[in-house]
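> Quick one: sequence and predicted model below, then my questions.
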Amino acid sequence: MNDKRLYLGIDIGSVSVDTVILDRRGEILEDHYDRIAGQPVATVVRVLREIFTRHSPEQIAGVAATGSGGRLIVSLLGGDFVNEVIAQAKAIARFYPDVRTVIEMGGQDSKLLLMTRDGGSGEPRLEDFAVSSACAAGTGSFLDQQASRLKLSIEEFGQVALKSKAPPR
C-alpha cells in the first residue's frame, strides 16, 4: 500500500463526520460515518488516527472537505474546501449517473438537486438546486433525534414512517 497515492475526503456536518479514502483511480478503499456528539474536531481527530493506523499520512496526496465544518478542517489540515452541493452533484454523477432527482436531508438544512445530461457530452451534470433555510425542524437532525427517542435506527424510523396510514402533509 505504501506505493499508492491516496485521497482523503471529509464531510463535517452537524450530526456526523463522513470520511472516505480513495485510490488514484477514484475507487473507494474505505468510508466511515461517525456521529459527532457535539465534538466535530475531536471526532475528526479520532477518525484520522484510526485511518492512519492503516494508511501512512505520507500516502495522502490530497485532502478535500465539505459541509458546515469543512472550512475549519481545511484550515487545520490543509487541502481544498468544496461546496457541498457541488460535491453531492459530482458524486451522484459518478456513482448514480441515471439519477435525476436528489432530496438530501441534512442536519441543518434540506437540499433538492436536479440532475440532467449535458447536451454535448451526455455526461450527468447539475441542472438546478434549492436549499432550505438553516433550521433543524424537518431536517435529518430532527428526524435522527426522534428515531433515537424511539430507540430506532434512522433506517427503522424511515420504514415505520412509510407504513403510516395517515401521513402528515
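Sure, I can see it. If you're wondering where the values come from, they're calculated on a predicted model, not measured in any experiment.
> only C-alpha atoms for contact and neighbour calcs from this point on.
OK.
> Could you list the residues in contact with the worst-scoring helix or strand of the chain on mean pLDDT?
Lowest by mean pLDDT, DSSP states H and E among the helices and strands of the chain is helix 140-149, with a mean of 76. Contact with helix 140-149 is made by Ser14, Val15, Met105, Gly106, Gly107, Gln108, Asp109, Ser110, Ala136, Ser153, Ile154, Phe157, as judged by C-alpha atoms under 8 Å, 6 or more residues apart in numbering.
> the strands in this structure, which residues?
6-12, 16-22, 28-35, 60-66, 80-81, 101-105, 110-117, 124-131 (DSSP state E).
> hmm, back to that, I'd like to know which of the contacts of helix 140-149 are buried.
For those, a burial check counting by 16 or more other C-alpha atoms under 10 Å picks out Ser14, Val15, Met105, Gly106, Gly107, Gln108, Asp109, Ser110, Ala136, Ile154, Phe157.
> For Gly13, see how far away the last one is.
The gap separating Phe157 from Gly13 is 21 Å, by C-alpha to C-alpha, to the nearest Å.
> average model confidence for stretch 42-61?
Across stretch 42-61, pLDDT averages out at 94.
> so who does the spatially closest residue to Leu126 that is not a sequence neighbour touch?
Nearest residue to Leu126 in three dimensions, chain neighbours excluded: Met115, at 4.6 Å (C-alpha to C-alpha, 6 or more residues apart in numbering). Neighbouring residues of Met115 by C-alpha under 8 Å, 6+ apart: Ala89, Val99, Arg100, Thr101, Val102, Pro124, Arg125, Leu126, Glu127, Asp128.
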